[in-house]
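Colleague: Give me a 3D structure for the following:
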Amino acid sequence: MASILQSSVILSCSLSSSASSSKRVINAAIHLPKLSNISLPKIQTRKQHVDQELKILKEYNTPLLENNNSQILHHQEQQHSTNSKTIVQLYAILEAVSDRIEMHQNIGEQRNNWNTLLLNSINMITLTATTMSGVAATTAATCSDSSLLALKLSSALLFSAATGLLLIMNKIQPSQLTEEQRNATRLFKHIQKQIETVIAIGNPSEEDVKSSMEKVLALDKAYPLPLLGVMLEKFPAKFEPANWWPSTMFQKKNKSSTKMGKVNGWSKELEMEMREVVEVMKRKDSEDYERLGNIALKVNKSLAIAGPLLTGIAAVGSTFIGNGSSLASFVPLLAGSMAAAVNTFEHGGQVGMVFEMYRTSGGFFKLLESSIESSLEEKDLERRENGELFEMKLALSLGRSVSELRELASKSGSYRMEGVEIDEFASKIF
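Modeller: Here you go, the predicted structure:
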């Protein structure tokens, strides 16, 4: 009985203990939702507050943002429209330049053929007439009067034809014309590459279009295609370098005070270097090409006069063959032979082409001198071309490295201080 009571007590205690623990577990489970219900509304309220503030700011700033965006878009549209128009214009100029390159190449080949064909034809005519004069002189005593007259007239006509052709050929100078077309082709290709570079870099301006147009028109004027009316003077009174760049290319520059220190790649040392290089080009290269150009001009003039004069003398002398005078028979033979030699030397040796080559080289140095002087006259360093790039371009144009160009300037300065003339030319190409 006691044991039954004891077990009853233990069972009741365990039940009460488990009930108590269950109650605690349940209570804990009940308290968690309450904590959750207390914290969640606070978080939700703060989020709503932030959203409301953002909504107010957005509503307030929307008109301003739309205004700014519309202005930016309008400006971009205008800039894009201007760039598109400029690029179209540059492409139009590029097409014209390509057409001119083709024209100068074709006409240059044609005029080179003229030189070869006229030279061979005139020499054949001259030598044939000389041979007929010789035959007439040797057979004057034995052949009939009619045969002698035929030989004399044929020889005189051939010499006269050679004289007329020589006058035309010496007037137009086909070898010089060919060299003009070669130079024009090269310079138009240079303009073509410049325009392509401007388009490739992007953001071209109206100034680029204007500059390209002026360069094309100046080159057209410097190397005209027609022969009549606008052909370049082949025998000028004095040698003058060629000029194929626009007159507005080197306008007066800003005369404001220059900035100190190294700005835009320019420094006092670089400016002194450029001045020394200009002095060397003027005292050595330009003077030398002017001297050689004058020599070529005088030789070409002399040969152009001598050839037709000799064939004319031979034409007149051939009519006196068989008159009993040995001198009358000797003159057409000697004059015809000398005329063929002179003609071959003048047009076969292309003396006119040599003169044009000197003229173009003189223009090349004049262009470099004007470019350097124009840059140095511009006192606002920011408006100049970058000094280091300018120095590199000049060095390449003269066939030198940048270090060699600096050495030349240093050598020129030291020689000038000592009063000694420099013994070196600026260019290593021409």
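Colleague: Quick one: residues contacting Leu376.
Modeller: By CB atoms under 8 Å, 6 or more residues apart in numbering, Leu376 lies in contact with 271, 274-275. Backbone N, C-alpha and C define where each C-beta goes, glycine included.
Colleague: Reformat the residues you listed as TSV; add pLDDT and distance to Ala339.
Modeller: Shown next, in TSV, are the contacts of Leu376 (pLDDT from 0 to 100; distance: CB to CB, whole Å):
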residue	pLDDT	distance to Ala339
Glu271	92	57
Met274	94	52
Arg275	93	52
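Colleague: element containing Leu153?
Modeller: Per DSSP states H and E, Leu153 falls inside helix 145-172.
Colleague: Now that helix: buried residues?
Modeller: Under the neighbour-count criterion of 16 or more other CB atoms under 10 Å, helix 145-172 has 148, 151-152, 154-156, 158-163, 165-166, 169-170, 172 buried.
Colleague: on that earlier part again, same list (the contacts of Leu376) but as JSON lines, adding neighbour count.
Modeller: Below are these laid out as JSON lines (neighbours: other CB atoms under 10 Å):
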{"residue": "Glu271", "neighbour count": "16"}
{"residue": "Met274", "neighbour count": "22"}
{"residue": "Arg275", "neighbour count": "15"}
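Colleague: Out of those, name the ones that lie in strands.
Modeller: In strands, defined here by DSSP state E, there are no members of the contacts of Leu376.
Colleague: how about the helices in the stretch 251-400 of the chain?
Modeller: For the stretch 251-400 of the chain, the helices defined by DSSP state H, counting those that start in this stretch cover 268-280, 287-318, 326-343, 351-377, 387-397.
Colleague: Same question for the shortest one: list its buried residues.
Modeller: To tie it back to what came earlier, the one meant is helix 387-397. By 16+ other CB under 10 Å, the buried positions in helix 387-397 come out as 387, 390-391, 394-395, 397.
Colleague: out of those residues, which one sits closest to Glu233?
Modeller: Nearest to Glu233, judged by CB to CB, of these is Ser397 at 28.0 Å.
Colleague: nearest spatial neighbour of the closest one, skipping sequence neighbours?
Modeller: Excluding the flanking residues, the one nearest Ser397 by CB to CB, 6 or more residues apart in numbering is Leu368, at 6.3 Å.
Colleague: How many residues are close by the one you found?
Modeller: Using other CB atoms under 10 Å, Leu368 is surrounded by 21 other residues.
Colleague: Distance of the nearest residue to Met274 once chain neighbours are set aside relative to Val316?
Modeller: Ranked by CB to CB, 6+ apart and with sequence neighbours excluded, the top spatial neighbour of Met274 is Ile372, at 5.1 Å. According to CB to CB, to the nearest Å, Ile372 stands 57 Å off from Val316.
Colleague: So which of these two has more stuff around it?
Modeller: More neighbours surround Ile372 than the other of Ile372 and Val316, with 18 against 14 (other CB under 10 Å).
Colleague: which residues touch the more buried one?
Modeller: The contact partners of Ile372, by CB under 8 Å, 6+ apart, come to 274-275, 277-278, 394.
Colleague: Swap in 10 Å and give it another go.
Modeller: Counting by CB atoms under 10 Å, 6 or more residues apart in numbering, Ile372 touches 271, 274-275, 277-278, 281, 390, 394.
Colleague: quick one: which of these is nearest to Phe430?
Modeller: Among these, Met281 lies closest to Phe430 (CB to CB), at 11.0 Å.
Colleague: Pretty sure that closest one sits against Lys366.
Modeller: Yes. If you go by CB atoms under 10 Å, Met281 and Lys366 touch, sitting 9.1 Å apart.
Colleague: Relative to Ala136, how far out is the residue most central in space within the chain?
Modeller: Nearest to the mean C-alpha position of the chain, by CA atoms, centre = their mean, lies His190 at 2.6 Å. His190 is 57 Å from Ala136, where distance means CB to CB.
Colleague: now swap in Asp208 and tell me
Modeller: Distance from Asp208 to Ala136, by CB to CB: 70 Å.
Colleague: Output the below-cut-off pLDDT ranges for the stretch 101-250 of the chain.
Modeller: Within the stretch 101-250 of the chain, the ranges that satisfy pLDDT under 70 run 141.
Colleague: which one of Asp208 and Ala136 has more residues nearby?
Modeller: Neighbours per residue (other CB under 10 Å) separate Asp208 from Ala136, with Ala136 holding more: 24 against 20.
Colleague: if I've got this straight, the more buried one is in a helix?
Modeller: Yes. Membership of Ala136 in a helix is supported by DSSP: H, G, I helix; E, B strand; the rest coil.
Colleague: ok, and the closest non-adjacent residue to it?
Modeller: Leaving aside its sequence neighbours, Ala136 sits nearest to Leu151 (CB to CB, 6+ apart; 3.7 Å).
Colleague: ok, the one you found - contacts?
Modeller: By CB under 10 Å, 6+ apart, the contact list for Leu151 reads 132-137, 139-140, 143, 318, 321-322.
Colleague: Farthest-apart pair in those, please.
Modeller: Maximum distance among the contacts of Leu151 (CB to CB): 15.3 Å, for Cys143 and Ser318.
Colleague: Between those two, which has more neighbouring residues?
Modeller: More crowded of Cys143 and Ser318, by other CB under 10 Å: Ser318, with 31 against 16.
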